[in-house]
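>>> I would like the atomic coordinates for the input below:
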Amino acid sequence: MVTSSVFFGIGNRVAQRVERIGKTEDELVEMDKKSIVQEGQLVSESTARTLRMMAYGGLVLSPILHNWHGFLERAFVGKGKTVVAKKVVADMVFMAPQLPIWFLTSTGLMAGKPIDQALDEAVK
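The predicted model follows:
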């Protein structure tokens, strides 16, 4: 859980840096405003975004995938290409379609959105 959380945080910081590439001066000024702690806030918007990503990676995704892969190991016992192929197909059919919805809903809720709004945005 800790490793996942740390890597999600690092990944988010890298993504925020990459987002700056090719931006105009005005766009960069607007982005820089998100890095400043505004009155009434505990942390800046960019730090809050990173903390949400860390929480999602460590507290939501990591336990889900740990249990999912444990299930796959029990459901498809053995070694070899056939067993690996079965696990990959099961993962792509049953788990992969759900991940974007979990991500968007979880991060929306952590950003303070009501559940109905977070779900609506996730399924669009």
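
>>> Enumerate the positions of the helix or strand bottoming out on mean pLDDT in the chain that are buried.
Scoring the helices and strands of the chain by mean pLDDT, DSSP states H and E places helix 25-33 at the bottom, with a mean of 90. For helix 25-33, burial by neighbour count (16 or more other Cβ atoms under 10 Å) applies to no residue. In this view, the C-beta of every residue, glycine as well, is placed from N, C-alpha and C.

>>> Let's see it as CSV, backbone CA atoms only.
What follows is helix 25-33, C-alpha atoms only, in CSV (Å, rounded to 0.1, in the frame of the first residue of the first chain):
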residue,chain,number,x,y,z
GLU,A,25,2.7,32.2,-20.8
ASP,A,26,-0.9,33.0,-19.8
GLU,A,27,-1.7,29.3,-19.3
LEU,A,28,1.5,28.9,-17.2
VAL,A,29,0.5,31.8,-15.0
GLU,A,30,-2.9,30.1,-14.4
MET,A,31,-1.2,26.8,-13.6
ASP,A,32,1.2,28.5,-11.2
LYS,A,33,-1.8,29.9,-9.2
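
>>> now for the helix or strand that it is followed by, which elements pack on it?
Tracing the chain C-terminally past helix 25-33 and defining elements by DSSP states H and E, one meets helix 45-55 next. Applying 3 or more Cβ pairs under 8 Å, 6 or more residues apart in numbering; DSSP states H and E, one finds that helix 45-55 contacts helix 2-19, helix 99-110.
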